[in-house]
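S.K.: Model the structure of this input:
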Amino acid sequence: MPLNTRAGQLRDRVTFQTGTPSQGDGGQPIMTWADTQAMWADVVQDVMTEGEDQEKNRARTVWTITVRYLATLNERMRITHDTHTLQILGVVADKRRRWMTFTCIEEV
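M.R.: The predicted structure is shown next:
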């Protein structure tokens, strides 16, 4: 996590979304997502990998998102940035609770 992050580096807009389980028309379980918190962030697209998932090749992009500390943000949320929807893999907060860094993936 960048210890020297400054507010001026938070140049990208991201939105944290909270999922609510519900049922579709046929009774199947689905997750409905609603915007929870929009904030400025430092967004870095790190690595693109390919993997096999149920006999399909899927591209995965790893992202690092750094935001100001907010106690209500957690791994059960997801993040949207421009046209990208990112699944949160983990979050680390610095000791002084000024910054939070999220490691995310986007499956294409």
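S.K.: use CA for all of it now, contacts and neighbours both
M.R.: Noted.
S.K.: so residue 15 bridges to which residues?
M.R.: Applying DSSP bridges to residue 15 gives these bridge partners: residue 38, residue 80.
S.K.: Show the contacting residues for it.
M.R.: Residues counted as contacts of residue 15 (Cα atoms under 8 Å, 6 or more residues apart in numbering) are 35-39, 79-81.
S.K.: switch the cut-off to 6 Å
M.R.: Counting by Cα atoms under 6 Å, 6 or more residues apart in numbering, residue 15 touches 37-38, 79-80.
S.K.: okay, among these, which ones form the most distant pair?
M.R.: 37 and 80 (10.5 Å; Cα to Cα).
S.K.: Need the buried ones from the contacts of residue 15 selected in PyMOL.
M.R.: Here is the PyMOL command that selects only those of these that count as buried (16 or more other Cα atoms under 10 Å):
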select buried, resi 79+80
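S.K.: Looking at the contacts of residue 15, which is nearest residue 17?
M.R.: Among those, and counting by Cα to Cα, the member closest to residue 17 is residue 79, at 6.1 Å.
S.K.: Surely the closest one is in contact with residue 16?
M.R.: Yes: under the criterion of Cα atoms under 6 Å, residue 79 makes contact with residue 16 at 4.6 Å.
S.K.: Was I right to think residue 40 contacts residue 13?
M.R.: Yes: using Cα under 6 Å, residue 40 makes contact with residue 13 at a distance of 4.7 Å.
S.K.: who's more crowded, these two?
M.R.: residue 40 (18 against 15; other Cα atoms under 10 Å).
S.K.: pLDDT wise, what is that one at?
M.R.: With respect to pLDDT, residue 40 scores 97.
S.K.: Same question for residue 60.
M.R.: pLDDT, residue 60: 86.
S.K.: which residues sit in contact with it?
M.R.: 48-50, 106-107.
S.K.: Residue 86 too?
M.R.: So residue 86 contacts 78-79, 104-106 (Cα under 6 Å, 6+ apart).
S.K.: Closest to residue 8 out of the residues you listed?
M.R.: residue 79 (20.7 Å).
S.K.: Please report the distance of the closest one from residue 47.
M.R.: 17 Å (Cα to Cα, to the nearest Å).
S.K.: list the helices and strands the helix or strand harbouring residue 101 packs on?
M.R.: Using DSSP states H and E, residue 101 falls within strand 99-107. Helices and strands touching strand 99-107, as assessed by 3 or more Cα pairs under 6 Å, 6 or more residues apart in numbering; DSSP states H and E, comprise strand 56-68, strand 84-93.
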